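Participant: sequence plus predicted model, see below.
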Amino acid sequence: MADLKPDEKVYDLGSGDGSVLIVAVKDFKARAMGFEISPWYYLLSQYNLKQARINSFAKVVYRDLNKVDLNKADVVYLYLMPKVIKNLEEKFRNLRKGLRIISFKFPILNLKPLRKNGEIYVYKS
């Protein structure tokens, strides 16, 4: 859905266990960075990235999502609760042109999706 190409940068906001990062690197040859504020999930994702042997292509940063510069990404992926998405909406409106946003399960209410497939919403800035 993201039309991800090799060497593109994928940011996963609230990256949880790192599974999206692993898929981005292994299946699409992308560069991936996750941002996680939960200490448990941060450590779990660090472990999972090491087990997947993709440390040189992906990493997880222990950081608040509101402090992440999204303009360095080609694709931003999120599976966040609606309240968290709402807090990020202003940031989404001010992204560089061409950046793709993929939201799983919950739409970004003040943006019109480019396309939708089931519970996946695709946006382009």
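Facilitator: Nice, thanks for sending it over.
Participant: now Y123: closest residue in space that isn't a chain neighbour?
Facilitator: Nearest-residue entry for Y123: I101, 4.1 Å, with adjacent residues in sequence omitted and distances by Cβ to Cβ, 6 or more residues apart in numbering. For the C-beta atoms, the positions are set from N, CA and C on the backbone; glycine is no exception.
Participant: enumerate every residue touching that neighbour.
Facilitator: Shown in contact with I101 (Cβ atoms under 8 Å, 6 or more residues apart in numbering): 75-78, 92, 95, 108, 111, 122-125.
Participant: A30 now?
Facilitator: 4-10, 24, 57, 75.
Participant: buried subset of the contacts of I101?
Facilitator: Buried members of the contacts of I101, counted by 16 or more other Cβ atoms under 10 Å: 75-78, 92, 95, 108, 111, 122-123, 125.
Participant: now do the strands in the protein.
Facilitator: Along the chain, the stretches classed as strands by DSSP state E are 9-13, 31-36, 58-62, 75-78, 100-104, 115-117, 120-124.
Participant: and these as CSV, adding mean pLDDT and distance to N48?
Facilitator: Formatted as CSV, the strands of the chain follow (pLDDT from 0 to 100; distance: least, Cβ to Cβ, whole Å):
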stretch, mean pLDDT, distance to N48
strand 9-13, 97, 12
strand 31-36, 97, 10
strand 58-62, 96, 9
strand 75-78, 97, 16
strand 100-104, 96, 18
strand 115-117, 93, 26
strand 120-124, 93, 22
